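1. Quick one, structure for this:
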Amino acid sequence: MRRNPSSPRQSGQGPEAPGLRLAVFALCLALGAGGCSVLQRLSPPPDPAAEAAKISQQIEDLRAEASTGKTAPDTHRQLAMLLVDGRNPARQYGAALKELDRYAELAPKGAQDAEVRSWHEALRAVDALYGQKSTLEARLKAADAENASLSHAAEKARKELQSLRQADAEKEEALAALRRENQQLKEATQQLKETIQQLKETIQKLKELDLRMDELRHKTR
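-> So this is what the prediction gives:
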């Protein structure tokens, strides 16, 4: 059964939302500012869980429809918009970009629409940033593991150094070598700490960019 999900510019109340908004606007004009205030207080706030479930069902329905290969091009555009809708707790930027690409293949003229082009560029940028984020997280994990290994090696070196200090003078040469190794390990550990801090700052910037993208989506509704 074909559903008609809302685009990011709609309020999420279904196909009747534009007409409903016009009716409320006209009523507000008739009642004045006081009447609008009363109407706003009487309107129940949306239930996030219900909205998320509704979005998930719409996505499932549209995906089933798109999988038949006999659907209208606009289905792919609607699906792309739902996949990054602010009410969707599991937004999928990469999947949305693929759906928008599919829409462009099926409807080249529609793909030239300014709003569609803007969303396509934004999704490409976000998808690339998420790819960079995944790479950085993998590097951070590897750096943490290497840092733990170096810390263990440094601890082992300190114990050996203590043992060598208790040895006789014939082991002084070996003791000096271990001191140099320990210093190198400290420098490597410090460099890794600085790298880890830089990676964390980069990831934080990506998170902030993701929040700004959410704000952009809300503004374009």
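2. Give the rounded mean pLDDT of stretch 66-74.
-> Stretch 66-74 shows a mean pLDDT of 82.
3. tell me which residues in it are buried?
-> 66, 71, 73 (16 or more other Cβ atoms under 10 Å). Every residue, glycine included, has its C-beta placed from N, CA and C.
4. what's in contact with it?
-> Contacts of stretch 66-74 from elsewhere in the structure, counted by Cβ atoms under 8 Å, 6 or more residues apart in numbering, are 65, 75, 76, 79, 99, 102, 103, 106, 107, 110.
5. okay, how far is it across that stretch, tip to tip?
-> Distance between the two ends of stretch 66-74: 10 Å, counting by Cα to Cα, to the nearest Å.
6. what's stretch 83-96 in contact with?
-> Contacts of stretch 83-96 (Cβ under 8 Å, 6+ apart): 6, 8, 12, 48, 51-52, 54-56, 59, 79-82, 99, 123, 126-127, 130, 214, 217-218.
7. 6 Å instead, please
-> Residues outside stretch 83-96 that contact it (Cβ atoms under 6 Å, 6 or more residues apart in numbering) are 12, 51, 52, 55, 80, 123, 126, 127, 217, 218.
8. which parts of that stretch are buried?
-> So for stretch 83-96, counting by 16+ other Cβ under 10 Å, buried means 83, 84, 85, 87, 88, 91, 92, 93, 95, 96.
9. Next, the fourth one: secondary structure please.
-> The three-state label for residue 87, taken from DSSP: H, G, I helix; E, B strand; the rest coil, comes out as coil.
10. tell me the phi and psi of it?
-> For residue 87, the backbone dihedrals (degrees, to the nearest 10) come out as phi -80, psi -10.
11. What separation is there between it and residue 213?
-> 15 Å (Cβ to Cβ, to the nearest Å).
12. same question, the fifth one
-> Computed with Cβ to Cβ, the distance linking residue 88 and residue 213 is 13 Å.
13. how far is stretch 145-164 from where the chain is centred?
-> 39 Å (Cα atoms, centre = their mean, to the nearest Å).
14. What average pLDDT does that stretch get?
-> Here the average pLDDT along stretch 145-164 is 81.
15. Helix or strand with the lowest mean pLDDT in the chain?
-> helix 17-42 (a mean of 46; mean pLDDT, DSSP states H and E).
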